[in-house]
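In: Sequence first, then the predicted structure:
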Amino acid sequence: MNNLQDEVIAFLSRPSSYGNANLPVERIETHGSVIFLQGDRAYKLKRAVAFAELDFRSLQSREKACQAELQLNRRTAPTLYLSLLSITRQTDGQLALNGCGQVVDWLVVMRRFPQDRLFDRMAVEGRLTEPMMEQLGAEIARFHAKAQITPSFGRLSDLYEEIEKNHREMSRYHLILDAATIAAIAHASRTLLQSLTDCLEERRRAGRVRRCHGDMRLANICLLDDQPTLFDGIEFSERIACIDVLYDLAFVLMDLQHHGLHRLSARLLSSYINHSGVEEDCKPLALFLSLRAATRCFSLAGAALRHADPCKRYEKRAEALQLMHQALSDLQGENPILNHLAMTGAASYT
């Protein structure tokens, strides 16, 4: 974070900056953005930071990312993503929203929705239902059918890179995660990927690699106007977002299973297959589920070490351990969703 953004954040934290000093401002912070909530709007600011997959340090890069976020997320949430808004420096030196002075930063303006409509919260509270999964499966299938085909991505080398990244990142957290289990996950992943070479290449050539959502976790799905709605897709990395459609779907399937919602996960997959309009070969799904679990595992392990609250540290540590074992179980053919569909004949496994 730089001094200018500190000033911008202070400005956006004041109710008077939005023209209505009577409505409080709430703030949500992530590693890549700060979201300001006031009234019926949410204002998303890109942090001036750089990580492995993104670099928002320049004003130009943040403007480009905001434009891409608006465009890409309108594919799934056109009534949620409203516009872009500039933050300007006026002649008196003060900051203003969409003023006439020099632009110092950019915001994505979104329609605000109640936080209890987020699917991760609904999962914890037991409020997700099978009809919702039926709707969600149909929506994801519609989205994937219309998404841009990107055959230059989703190659075997990209998936091998994901396996090695997961192994490398999980190994950093040896105080939490078991080294032998991490090694077993990496070895089994490489072996399974090698056996899927022909299948995955055929899927890529057939147009199953597309510009997807890229981060389809329960936390990035909400109930908007009584419809399951995908939002906050990846805009900053084509490598992350241009993937096999089943790899995209695997994130939410894995997340449901992580919450113990195996029946809902199976219903979602069945709905997706039934609405996809193509014969879907789910043979790579075990690998994709394991990769998603491993990625989420090291993310939560890192959060466990960073958290100041001992209770939160314990909670994140427990989740990371559960996901580590889930990643290995997927590779060993012990995933309930695959067993369920194999028995019902809703998809073909060869």
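Out: The structure has been received and is ready for your questions.
In: Which other helices and strands does the helix or strand in which residue 297 is found contact?
Out: Using DSSP states H and E, residue 297 maps to helix 285-306. The contact analysis (3 or more CB pairs under 8 Å, 6 or more residues apart in numbering; DSSP states H and E) places helix 285-306 against helix 156-171, helix 179-195, helix 245-258, helix 310-331, helix 336-344. Where C-beta positions appear, they are placed from N, C-alpha and C, glycine not excepted.
In: Check which residues of that helix are buried.
Out: 285-298, 300-304 (16 or more other CB atoms under 10 Å).
In: follow-up on the earlier one: what about the helices and strands packed on helix 285-306, which gets the closest to residue 20?
Out: helix 310-331 (33.7 Å; CB to CB).
In: Give me the angle between that closest one and helix 285-306.
Out: Computed with axes from the mean of the first three to the mean of the last three CA atoms, to 10 degrees, the direction of helix 310-331 lies at 160 degrees from that of helix 285-306.
In: looking only at pLDDT, what's the mean for stretch 222-235?
Out: The pLDDT scores in stretch 222-235 average 97.
In: Now do that stretch: distance to the chain's middle.
Out: 11 Å (CA atoms, centre = their mean, to the nearest Å).
In: and that stretch, how far apart are its ends?
Out: Between the opening and closing residues of stretch 222-235 there is a gap of 19 Å (CA to CA, to the nearest Å).
In: Provide the contact partners of it at residue level.
Out: Under the contact criterion CB atoms under 8 Å, 6 or more residues apart in numbering, stretch 222-235 has outside partners 65, 68-69, 72-73, 75-77, 79-81, 113, 117-119, 122, 132, 135-136, 139-140, 143, 212-216, 220-221, 240-241.
In: same thing with stretch 192-201?
Out: 154, 156, 159-160, 163, 244, 281, 283-284, 286-287, 331.
In: Show me how far that stretch is from its chain's centre.
Out: 25 Å.
In: What are the buried residues along it?
Out: Within stretch 192-201, the residues scored as buried using 16+ other CB under 10 Å are 192-193, 196, 200.
In: now for whichever helix or strand residue 60 is part of, which elements pack on it?
Out: In this structure, residue 60 sits in helix 59-73 according to DSSP H and E. For helix 59-73, the elements it packs on are strand 41-46, strand 81-89, strand 102-111, judged by 3+ CB pairs under 8 Å, 6+ apart.
In: show me where pLDDT drops low in the stretch 1-150 of the chain?
Out: 1-2 (pLDDT under 70).
In: Tell me the backbone dihedrals of the spatially most central residue of the chain, please.
Out: In the chain, the centroid-proximal residue (CA atoms, centre = their mean) is residue 215; its distance is 2.0 Å. Main-chain torsions, residue 215, degrees, to the nearest 10: phi -150, psi 50.
In: just checking, it touches residue 251?
Out: Yes: counting by CB atoms under 8 Å, residue 215 touches residue 251, with 6.9 Å between them.
In: re the thing from before, so of the helices and strands packed on helix 59-73, which one's packed in deepest?
Out: Stretch with highest mean neighbour count among the helices and strands packed on helix 59-73: strand 41-46 (a mean of 21; mean count of other CB atoms under 10 Å).
In: Which neighbouring elements make contact with that strand?
Out: helix 3-12, strand 33-38, helix 59-73, strand 102-111.
In: Would you mind saying which of those lies nearest residue 323?
Out: Using CB to CB, the nearest of these to residue 323 is strand 33-38, at 24.2 Å.
In: Just give me the neighbour total for residue 10.
Out: 11 (other CB atoms under 10 Å).
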